[in-house]
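Asks: with the input below, show me the fold.
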Amino acid sequence: MRLLFLIHRYLGIGVGLLMAMWCLSGLVMMYVSYPALAPGTRLAHLTPIDWRDCCAVSSAILGDADPVARFSLEMLAGRPVLDWGPGPESAGLIDLVTGEGLDGISRAQAIRVAAAYTPASHPRLLGLIDFDQWTLEGVSPEDGPLYRFELRDGRGGQLYVSSTTGRAVQLTTRRERFWNWLGAVPHWLYFADLRHHALLWSEVVIYTSLIGCFLAATGLYIGVRQLLRQPAGRCSPYRGFNLWHHIAGLLFGVLALTWVLSGLLSMNPWGLMIGAGAGPERARLQGPPLTGAQLRATLRALAAAAPTGVVSVQSAPLGGRLYLVASGRDGARRRLDAEGKSAPLGPAQRRFISATLHGGASGMRLLTRGDEYYFSVPGSPVELPVWRVIPPDRTGRRYYLDPISGELAASIDRADEHYRWWHDALHRMDFAAAVRGRPQWDVLMWLLMAGVTTVCVTGTYLGFRRLTR
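Replies: Below you'll find the predicted structure:
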């Protein structure tokens with residue numbers, strides 16, 4: 001028993017301090033999320049598509065029989081550009097004025113993209129980078145290398161532009177960067193040189209969390225054992241800081257254990273809660289890919305229709321037919337057919353979706369508010385409304401579909417359900433919508449984090465004090 005006391009005491013010096021840091025950085029993350037360029041912000045800085053002299057595609061780049069699984073059309077540095085691919089990844093860019101491919105994005109083109117984010121001043125190019133502290137999350141390696149710009153916008157804005165697609169992929173401000181050094185970076189152990197080596201970073205987080213679980217579990221055992229061994233009328237053999245640590249551990253030790261355990265489970269160690277995904281369902285909904293000849297015909301029809309106020313066009317096939325989602329700078333979206341005409345998602349197509357996912361023709365429900373698996377949390381909103389489909393086969397699957405395009409917005413299976421309760425619920429105390437709302441969620445989290453931080457800080461102090469003696 002003495003050995004367990006010693007292990008707990010001296011392990012708490014380093015790991016207890018780490019757990020206290022996790023609590024304090026978690027408080028910061030309640031109010032400042034890791035930087036991300038919101039899709040609506042990117043759309044707001046795009047130029048409306050110029051349909052004049054559009055839309056040529058060289059057959060040497062895209063043959064008539066070549067498969068096209070996805071494509072998008074936007075303006076890049078004053079010219080309409082097509083980004084296409086036979087699969088999820090991009091096969092390249094095509095200048096739709098010349099019809100020829102673009103071999104990367106030039107410095108001048110990247111500057112024009114960045115200039116849209118700071119019309120009152122000229123952006124300053126800071127360099128071409130592979131990655132840095134703020135491009136570790138939400139930025140695909142295929143987008144690199146990245147042009148990094150200082151926007152000179154008075155907020156310390158920095159913009160990152162992909163050298164392969166010409167798209168802005170990240171935007172940070174001085175405030176976000178400062179608070180993230182106190183929030184997401186220490187909380188996730190998201191230090192660039194470590195996080196860039198994904199496997200090493202994952203192992204570090206998993207095993208430090210395991211040690212944290214051991215520390216919390218042994219502390220609970222010791223605390224309860226000491227409580228039960230006391231005479232009636234006494235709850236602790238300790239005084240001073242030892243008493244504070246013992247009482248705080250009895251009150252908040254279980255919470256400390258569940259927080260570090262749920263943090264561990266966020267990494268899905270050893271594939272414990274990795275969902276199957278919805279690749280087959282998505283493929284059945286979309287149908288076979290279109291061909292290069294069909295894409296050319298669609299582009300010609302779009303140029304002839306010349307829809308106004310459109311800054312982005314995305315392919316959204318459904319049931320083997322090509323549809324398009326056209327977006328404006330204000331984020332408003334509308335669905336078009338392959339001829340460029342308005343084609344809202346209708347009852348017949350909803351029946352097809354329901355039959356494909358549900359097995360019947362009437363299994364869809366429109367959600368205007370989130371449910372227990374699809375909902376917004378502070379710093380991470382979801383798009384609403386959505387169509388929800390829950391098959392009656394008792395497999396635990398449920399699907400959420402975009403009401404404009406009919407595309408899958410999210411898919412939940414048993415593993416995702418487990419992740420929602422074992423990580424999301426335990427880590428954020430997000431068990432119900434009533435708790436999730438503000439300010440009640442803030443009050444609850446501040447109280448709980450104060451208790452767990454007290455446990456960690458007093459334990460670390462006691463270990464250091466004993467060590468120095």
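Asks: tell me how far residue 374 lies from residue 40.
Replies: According to CB to CB, to the nearest Å, residue 374 and residue 40 sit 19 Å apart. Bear in mind the C-beta positions are built from the backbone N, C-alpha and C, glycine included.
Asks: show me which of the two is the more surrounded one.
Replies: residue 374 (20 against 11; other CB atoms under 10 Å).
Asks: need the contact list for the more buried one.
Replies: Going by CB atoms under 8 Å, 6 or more residues apart in numbering, residue 374 touches 367, 382, 386, 388, 400, 410, 412.
Asks: now swap in residue 391 and tell me
Replies: Counting by CB under 8 Å, 6+ apart, residue 391 has contacts 357, 358, 359, 363, 397, 398.
Asks: from those residues, which would you call buried?
Replies: 357, 358, 363, 397, 398 (16 or more other CB atoms under 10 Å).
Asks: just the pLDDT for the fourth one.
Replies: Yep, that's residue 397 we're talking about. Listed pLDDT for residue 397 reads 87.
Asks: was I right about residue 345 contacting residue 386?
Replies: No - using CB atoms under 8 Å, residue 345 makes no contact with residue 386, being 11.9 Å away.
Asks: and for these two, which residues touch both?
Replies: residue 403.
Asks: which phi and psi does residue 399 have?
Replies: Per-residue torsions, residue 399: phi -130, psi 150 (degrees, to the nearest 10).
Asks: number of residues surrounding the closest residue to it other than its chain neighbours?
Replies: Distances taken as CB to CB, 6 or more residues apart in numbering put residue 389 closest to residue 399, at 4.4 Å, once the chain neighbours are dropped. Residue 389: 23 surrounding residues under other CB under 10 Å.
Asks: and which of the contacts of residue 391 is nearest residue 180?
Replies: Residue 180 lies nearest to residue 398 out of these, by CB to CB, at 33.2 Å.
Asks: which other helices and strands contact whichever helix or strand residue 241 is part of?
Replies: Element membership for residue 241 (DSSP states H and E) is helix 240-265. On a contact count with 3 or more CB pairs under 8 Å, 6 or more residues apart in numbering; DSSP states H and E, helix 240-265 meets helix 2-29, helix 198-228, helix 426-428, helix 440-468.
Asks: same list (the ones you listed) but as CSV, adding distance to residue 163, mean neighbour count and mean pLDDT.
Replies: CSV is the format used below for those (distance: least, CB to CB, whole Å; neighbours: other CB atoms under 10 Å; pLDDT from 0 to 100):
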stretch, distance to residue 163, mean neighbour count, mean pLDDT
helix 2-29, 31, 18, 87
helix 198-228, 22, 17, 91
helix 426-428, 36, 18, 91
helix 440-468, 41, 17, 90
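Asks: and those helices: which comes nearest residue 327?
Replies: helix 2-29 (30.1 Å).
Asks: circling back to that earlier point, now, which of the buried ones among the contacts of residue 391 sits nearest residue 200?
Replies: residue 397 (34.4 Å).
Asks: my guess is the closest one contacts residue 410, does it?
Replies: No - the pair residue 397 / residue 410 is not scored as a contact, 11.4 Å apart, by CB under 8 Å.
Asks: contact partners of stretch 325-344?
Replies: 39-40, 43-46, 48, 294, 297-298, 301-302, 304-305, 307, 309-314, 316, 321-324, 345, 404-405.
Asks: for burial, what's the neighbour tally of residue 317?
Replies: The burial count for residue 317: 22, using other CB under 10 Å.
Asks: roughly how far does it sit from residue 335?
Replies: 12 Å.
Asks: shared neighbours, these two?
Replies: residue 323.
Asks: okay, the residue nearest the centre of the chain: pLDDT?
Replies: With distances taken as CA atoms, centre = their mean, residue 138 lies nearest the centre of the chain, 6.5 Å away. Listed pLDDT for residue 138 reads 86.
Asks: helix, strand, or coil at it?
Replies: Assigned with DSSP: H, G, I helix; E, B strand; the rest coil, residue 138 falls in the coil class.
Asks: quick one, what contacts it?
Replies: 34, 36, 37, 169, 170.
Asks: mind telling me the two of those residues farthest from one another?
Replies: 34 and 169 (13.9 Å).
Asks: what is the most widely separated pair among the contacts of residue 391?
Replies: 359 and 398 (13.5 Å).
Asks: pLDDT below threshold where in the stretch 101-250 of the chain?
Replies: Scanning the stretch 101-250 of the chain for pLDDT under 70 picks out 233.
Asks: the buried ones among the contacts of residue 391 into TSV, with extra columns for distance to residue 153?
Replies: Shown next, in TSV, are the buried ones among the contacts of residue 391 (distance: CB to CB, whole Å):
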residue	distance to residue 153
357	45
358	48
363	48
397	45
398	42
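Asks: re the thing from before, among the contacts of residue 138, which are located in strands?
Replies: Here DSSP state E is the test, and the contacts of residue 138 give 169, 170 as lying in strands.
Asks: among the contacts of residue 138, name the buried ones.
Replies: Here, 16+ other CB under 10 Å leaves 34, 36, 37, 169, 170 buried among those.
Asks: measure the first one to residue 181 for me?
Replies: Translated: residue 34. 11 Å.
Asks: re the thing from before, what angle do the helix holding residue 241 and helix 2-29 make?
Replies: Put simply, helix 240-265 runs at 70 degrees to helix 2-29, going by axes from the mean of the first three to the mean of the last three CA atoms, to 10 degrees.
Asks: and the strands in the stretch 1-150 of the chain?
Replies: 67-68, 70-76, 79-85, 92-95, 101-102, 124-129, 146-150 (DSSP state E, counting those that start in this stretch).
Asks: so what's the residue count around residue 92?
Replies: 16.
Asks: export the contacts of residue 138 to CSV and tack on distance to residue 444?
Replies: Output for the contacts of residue 138, formatted as CSV (distance: CB to CB, whole Å):
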residue, distance to residue 444
34, 23
36, 26
37, 31
169, 35
170, 32
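Asks: related to what we said a few turns ago, for the strands of the stretch 1-150 of the chain, which one sits closest to residue 197?
Replies: It's strand 124-129; of those, that one is closest to residue 197 (CB to CB) at 16.8 Å.
Asks: just list what that closest one packs against, helices and strands only.
Replies: By 3+ CB pairs under 8 Å, 6+ apart, strand 124-129 packs against helix 107-115, strand 146-150.
Asks: so how far is that strand from its chain's centroid?
Replies: 25 Å (CA atoms, centre = their mean, to the nearest Å).
Asks: in its sheet, which strands sit next to it, and in what direction?
Replies: In the sheet, strand 124-129 lines up against strand 146-150 (antiparallel) (DSSP bridges).
Asks: quick one, the strand it pairs with and helix 107-115 angle?
Replies: 50 degrees.
Asks: what sits up against the helix or strand following strand 146-150?
Replies: Moving toward the C-terminus from strand 146-150, the next helix or strand (DSSP H and E) is strand 158-162. Residues outside strand 158-162 that contact it (CB under 8 Å, 6+ apart) are 105, 110, 113-114, 117, 123, 126, 134-135, 139, 143-144, 146-151, 167-173, 177.
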